[in-house]
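Peer 1: coordinates only, sequence not included:
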């Protein structure tokens with residue numbers, strides 16, 4: 001059949017679709033599915049991390065061997081980072097610093113074709129192996145295990161697994177166990193280019209769904225409920241094979257007395273100020289962003305001036321944050337610097353979350369620029385009062401942050417009560433400073 005004789009009679013869009021389908025076959029190339037493309041992307045990320053990040057962070061933390069334990073029916077939180085695979089009984093991802101410019105990577109007791117083919121490991125053993133002999137041959141002075149007092153994402157070692165390692169390796173090596181808390185944080189939070197590219201794609205999908213949700217495509221004032229908006233967003237996640245950072249999206253209304261309703265059967269009305277707080281999961285990455293919308297009243301064509309001013313106050317604070325986060329100092333030092341700069345600019349930094357002053361002349365602010373990446377709230381350095389341990393960690397180029405703040409501005413139409421403007425978008429720290437990974441939130445969306 002002569003394909004070209006027929007397809008040029010098609011409309012332009014159908015023509016492009018037909019060509020896209022015919023070209024791979026004409027070249028003898030089998031088109032890859034989304035599952036395979038995602039798997040290949042994770043393989044590239046894993047290889048880059050093992051080659052470029054792992055030697056650096058293990059040596060900085062004085063770790064000669066890092067053991068992550070899996071068991072049938074239970075995976076450590078870092079399993080996705082290391083390549084998954086099936087564990088029949090006990091399984092281990094083991095990284096050993098044996099000198100040179102790379103770290104030895106071995107998977108013991110973890111099988112399937114995918115982990116063998118992902119290119120990241122020197123060897124894999126699905127059948128019989130002798131863990132004690134393996135460790136004794138390398139004789140590491142320190143063995144990092146995934147137990148952590150302050151970071152849940154680095155605390156995957158169960159009590160049973162800890163006992164099993166003690167008994168299997170014996171007292172000599174049990175004395176050399178150390179926490180992998182800081183090591184896991186450093187490994188996850190120092191990003192390679194392929195990770196940043198993947199996370200940026202997740203961020204773009206997050207904001208696209210959120211911004212569509214706050215439009216007349218989804219919302220009809222006086223009819224649509226907050227729950228219906230949240231469920232529409234969840235359906236978009238399912239349709240695009242995306243995970244969720246926090247479960248149900250937080251879709252809420254803020255009024256003179258704070259929250260009016262949250263992702264429930266409350267019907268959206270004209271004059272409501274709406275917000276979304278949510279994130280999607282793509283590959284091994286989870287975002288955390290916010291968006292806002294105002295439902296125009298009858299006769300209104302633009303955002304009320306008072307609400308625009310409140311939003312502009314939030315953006316001004318965000319500009320201060322973005323200009324002053326730099327690599328090379330700790331998150332805690334950065335936190336103090338940012339609050340000092342915010343106060344100096346005429347705002348009032350709050351001591352306690354969600355408790356603004358009653359003074360209508362004051363614009364109250366609190367910041368919470370937390371780590372983001374493999375979790376909606378990541379495990380890297382965190383410029384946030386709610387992550388005190390990670391406030392002590394150094395900020396490095398390639399760290400991902402959720403640039404988050406809350407600014408409270410008095411609204412005259414509310415009798416001077418304050419509207420909370422929460423801003424949050426995900427960004428990367430580079431040697432130049434903070435750079436957005438997708439278009440940040442620069443306006444309140446309007447629903448007509």
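Peer 2: Good, I have the coordinates. Keep in mind the model is a prediction, meaning the values are calculated, not measured. Residues are numbered from 1 along each chain as shown.
Peer 1: just the pLDDT at residue 199, thanks.
Peer 2: According to the prediction, residue 199 has pLDDT 98.
Peer 1: isn't it right up against residue 427?
Peer 2: No. Under the criterion of C-beta atoms under 8 Å, residue 199 makes no contact with residue 427, lying 10.2 Å away. Backbone N, C-alpha and C define where each C-beta goes, glycine included.
Peer 1: quickly list what's touching both of these two.
Peer 2: Common contacts of residue 199 and residue 427 (C-beta atoms under 8 Å, 6 or more residues apart in numbering): 400, 437.
Peer 1: where does this structure dip in pLDDT?
Peer 2: Within the chain, the ranges that satisfy pLDDT under 70 run 1-30.
Peer 1: where along it do the helices fall?
Peer 2: Here the chain has its helices, by DSSP state H, at 3-7, 12-26, 34-48, 54-60, 79-82, 113-117, 131-138, 159-174, 181-189, 193-213, 226-239, 305-324, 331-344.
Peer 1: can you report how many residues lie near residue 35?
Peer 2: Using other C-beta atoms under 10 Å, residue 35 has 9 other residues around it.
Peer 1: whoops, I mixed them up, residue 119
Peer 2: The number of residues packed near residue 119 is 12, by other C-beta under 10 Å.
Peer 1: contact partners for it?
Peer 2: Contacts of residue 119 by C-beta under 8 Å, 6+ apart are 43, 47.
Peer 1: tell me how far it lies from residue 83.
Peer 2: For residue 119, the distance to residue 83 equals 10 Å [C-beta to C-beta, to the nearest Å].
Peer 1: can you give me phi and psi for residue 417?
Peer 2: phi -70, psi 160 (degrees, to the nearest 10).
Peer 1: thought it was touching residue 408?
Peer 2: No. Taking C-beta under 8 Å as the definition, residue 417 is not a contact partner of residue 408, at 9.6 Å.
Peer 1: higher neighbour count, these two?
Peer 2: More crowded of residue 417 and residue 408, by other C-beta under 10 Å: residue 408, with 25 against 17.
Peer 1: ok, that one touching residue 419?
Peer 2: Yes. With contacts counted by C-beta under 8 Å, residue 408 reaches residue 419, the gap being 7.1 Å.
Peer 1: next, the buried residues of stretch 305-325.
Peer 2: Of all the residues in stretch 305-325, those buried under the rule 16 or more other C-beta atoms under 10 Å are 307, 309-311, 313-318, 320-322, 325.
Peer 1: got the contact list for it?
Peer 2: 273, 292, 294, 303, 334, 337-338, 341-342, 345, 347, 363, 365, 367, 369, 383, 395, 401, 403, 405, 407, 409, 411-413, 419, 421-423, 427, 429, 433-434, 442-444.
Peer 1: filter these to the buried ones?
Peer 2: Buried, going by 16+ other C-beta under 10 Å: 273, 292, 294, 303, 334, 338, 341-342, 347, 363, 365, 367, 369, 383, 395, 401, 403, 405, 407, 409, 411, 419, 421-423, 427, 429, 434, 444, out of the contacts of stretch 305-325.
Peer 1: tell me how many other residues crowd residue 207.
Peer 2: Residue 207, neighbours per other C-beta under 10 Å, totals 23.
Peer 1: list the contacts of it.
Peer 2: 289, 291, 425, 438, 439, 441.
Peer 1: number of nearby residues for the last one?
Peer 2: Right, residue 441. The burial count for residue 441: 22, using other C-beta under 10 Å.
Peer 1: next: the first one.
Peer 2: Residues contacting residue 289 under the criterion other C-beta under 10 Å number 27.
Peer 1: for it, what are its contacts?
Peer 2: 203, 206, 207, 210, 277, 278, 279, 402, 424, 425, 426, 441.
Peer 1: go again with 7 Å.
Peer 2: Residue 289 is in contact with 203, 206, 207, 210, 278, 279, 424, 425, 426, counting by C-beta atoms under 7 Å, 6 or more residues apart in numbering.
Peer 1: how near is residue 46 to residue 220?
Peer 2: From residue 46 over to residue 220 (counting by C-beta to C-beta), the distance is 46 Å.
Peer 1: so these two - more neighbours on which side?
Peer 2: Ranked by neighbour count (other C-beta under 10 Å), residue 46 and residue 220 place residue 46 first, with 23 against 12.
Peer 1: how close does the more buried one sit to residue 286?
Peer 2: With the distance defined as C-beta to C-beta, residue 46 ends up 17 Å from residue 286.
Peer 1: in its sheet, what does the top strand by length along the chain sit against?
Peer 2: As assigned by DSSP state E, the longest strand anywhere in the chain is strand 418-430. If you go by DSSP bridges, strand 418-430 pairs up with strand 400-410 (antiparallel), strand 433-436 (antiparallel).
Peer 1: what residues does residue 249 make contact with?
Peer 2: 230, 233, 234, 263, 276, 278.
Peer 1: I'd assumed residue 213 was in contact with the second one.
Peer 2: Yes. Residue 233 is in contact with residue 213 according to C-beta atoms under 7 Å; the separation is 5.2 Å.
Peer 1: now, among the buried residues of stretch 305-325, which is nearest to residue 50?
Peer 2: Nearest to residue 50 out of the buried residues of stretch 305-325 is residue 325 (C-beta to C-beta; 28.1 Å).
Peer 1: next, that closest one: phi, psi?
Peer 2: phi -90, psi 120.
Peer 1: returning to that earlier point: okay, the contacts of residue 207 in JSON lines with distance to residue 32 next?
Peer 2: Shown next, in JSON lines, are the contacts of residue 207 (distance: C-beta to C-beta, whole Å):
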{"residue": "289", "distance to residue 32": "29"}
{"residue": "291", "distance to residue 32": "33"}
{"residue": "425", "distance to residue 32": "31"}
{"residue": "438", "distance to residue 32": "25"}
{"residue": "439", "distance to residue 32": "29"}
{"residue": "441", "distance to residue 32": "34"}
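Peer 1: mind checking which of those residues land in strands?
Peer 2: Residues of those located in strands (DSSP E): 289, 291, 425.
Peer 1: quick one, what contacts the closest residue to the second one other than its chain neighbours?
Peer 2: Just to be clear, that refers to residue 291. Here the nearest residue to residue 291 in space, its sequence neighbours aside, is residue 210; by C-beta to C-beta, 6 or more residues apart in numbering that works out to 4.3 Å. With contact taken as C-beta under 7 Å, 6+ apart, residue 210 is in contact with 276, 278, 289, 291.
Peer 1: thought the first one was touching residue 291?
Peer 2: In other words, residue 276. Yes. Contact criterion C-beta under 7 Å: residue 276 and residue 291 qualify, at 4.8 Å.
Peer 1: what touches both of these two?
Peer 2: Contact criterion C-beta under 7 Å, 6+ apart; residues shared by residue 276 and residue 291: 210, 214.
Peer 1: can you tell me how far residue 373 sits from residue 327?
Peer 2: Using C-beta to C-beta, residue 373 is found at 16 Å from residue 327.
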